[in-house]
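Asks: below are the sequence and a predicted model; questions follow.
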Amino acid sequence: MSLLIFEYASALGIKDPSLAAEGKAMLRGLTCDLEYLPASYLISKNIDAIEGSKCKPLVIDGNIEDWILDNISQFDFCLPIAPEEDFILCGLTRLIEKNGVQVVGSDSDAVRICSDKYLTYSLLKDKVPVIPTHRVSWEDIGLYCQGISGDKKVVKPADGVSCSAVQIVDSEDSFKNATRKVREVSSLPYFLVQDYIEGVSASVSLLTNGKKAIPLSLNQQNISIKEGIINYNGGKVPMAHPLENEAKKIAKKAVESIPGLKGYVGVDVIIGDGQVHLVEINSRVTTPYVALRNMLSFNLGKAMIQAVQGDLPQEFSLEREIEIQKTGNRLHLKVIS
């Protein structure tokens with residue numbers, strides 16, 4: 001079997017530190033895990049190839065969609081990593097599917113649901129504990145902001161990625177400022193307002209075959225908040241917490257509730273006040289992968305391919321504890337134990 005791997009920022013030559021650090025690290029890990037295959041990966045002419053990788057670099061200059069249209073049929077499988085904003089991942093997944101190539105990941109319908117956080121909320125609100133979420137159209141900003149009176153709320157794009165434009169507001173002025181930033185990054189006619197939940201930011205990494213999901217780890221997210229703006233600075237894998245099993249149970253049920261989720265999936269949660277609240281689902285490889293691949297008792301990249309073919313690992317163990325440190329355009333791993 002022949003496999004194509006691509007990570008959106010690396011393939012386009014994007015050097016924005018908020019995207020490049022995590023993207024290049026995930027691409028590096030995947031090319032190492034999957035070098036046992038006839039595997040190739042896309043890399044921009046403006047980005048250095050992965051040192052030491054046995055996978056074949058395919059240097060591109062320009063539009064990923066055009067390259068896929070012209071070349072994807074040469075491959076049996078394709079493992080894409082791309083942002084949810086503007087439904088980029090959904091569109092690329094659909095393009096790969098239409099050309100008859102097996103996606104090592106979720107199908108386009110599942111990606112569509114997870115790319116719009118309000119669709120995810122609507123589908124899961126009666127199944128798992130989710131944060132109360134309101135969809136606000138742009139023309140209703142003036143009416144809605146009158147209700148912001150001291151209680152903290154979270155304003156975010158419905159199709160955002162990572163912490164992009166996610167802000168905490170507690171006044172009419174901060175609400176209006178937040179919506180302006182959201183509008184700069186979102187193409188949807190609406191945005192989201194959520195209740196602010198005090199607690200620990202975390203995620204659950206899972207493997208799923210489309211029917212059954214297996215939680216691999218609970219991960220700590222190192223989140224900083226400055227003047228209401230939320231930033232992701234790394235984290236720790238795994239994370240020990242009294243509600244670890246509950247978090248994994250909720251993440252598992254959520255993933256199994258959305259048809260078409262396959263391969264590696266990340267579920268963001270807030271743990272606080274003795275409860276676990278689901279925040280969103282990422283239907284793609286997420287940053288904790290770069291640590292997990294060094295900790296699991298099996299090849300995680302290989303397991304992702306096996307998962308989309310229906311097979312999940314029966315037993316596994318986690319070795320070590322690794323801290324992920326994000327500084328500038330680099331991601332560092334520090335073994336704690």
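Replies: Perfect, I can see it now.

Asks: quick one: name whatever helix or strand follows the top strand by length along the chain.
Replies: In the chain, taking DSSP state E as the definition, the longest strand is strand 213-226. Using DSSP states H and E, the next helix or strand after strand 213-226 towards the C-terminus is strand 229-237.

Asks: so which other helices or strands are in contact with whichever helix or strand comes after that next one?
Replies: Counting by DSSP H and E, the next helix or strand C-terminal to strand 229-237 is helix 244-256. On a contact count with 3 or more C-beta pairs under 8 Å, 6 or more residues apart in numbering; DSSP states H and E, helix 244-256 meets strand 200-208, strand 213-226, strand 263-272, strand 275-282. All C-beta spots, glycine's among them, are computed from the backbone N, C-alpha and C.

Asks: the residue nearest the centre of the chain pairs with what?
Replies: The structure's the chain has its C-alpha centroid closest to residue 282; by C-alpha atoms, centre = their mean the separation is 3.8 Å. In this entry, residue 282 is beta-bridged to residue 266, by DSSP bridges.

Asks: mind listing what it touches?
Replies: 84, 114, 265, 266, 267, 268 (C-beta atoms under 8 Å, 6 or more residues apart in numbering).

Asks: and those residues, which two are the farthest apart?
Replies: With distances taken as C-beta to C-beta, the most widely separated pair in those is 84 and 267, at 13.9 Å.

Asks: what about those two, which has more around it?
Replies: More crowded of residue 84 and residue 267, by other C-beta atoms under 10 Å: residue 267, with 28 against 25.

Asks: so residue 123 touches residue 260, yeah?
Replies: No: the pair residue 123 / residue 260 is not scored as a contact, 11.9 Å apart, by C-beta atoms under 8 Å.

Asks: could you point out the helix or strand that follows the lowest-mean-pLDDT helix or strand in the chain?
Replies: Every helix and strand in the chain was compared by mean pLDDT, DSSP states H and E; the lowest is helix 141-145, with a mean of 74. Using DSSP H and E, the helix or strand that follows helix 141-145 towards the C-terminus is strand 153-157.

Asks: please work out which residues outside that following strand touch it.
Replies: If you take C-beta under 8 Å, 6+ apart as the criterion, strand 153-157 is touched by 85, 117, 131, 164-170, 175, 178-179, 182, 185-186, 188, 191-196.
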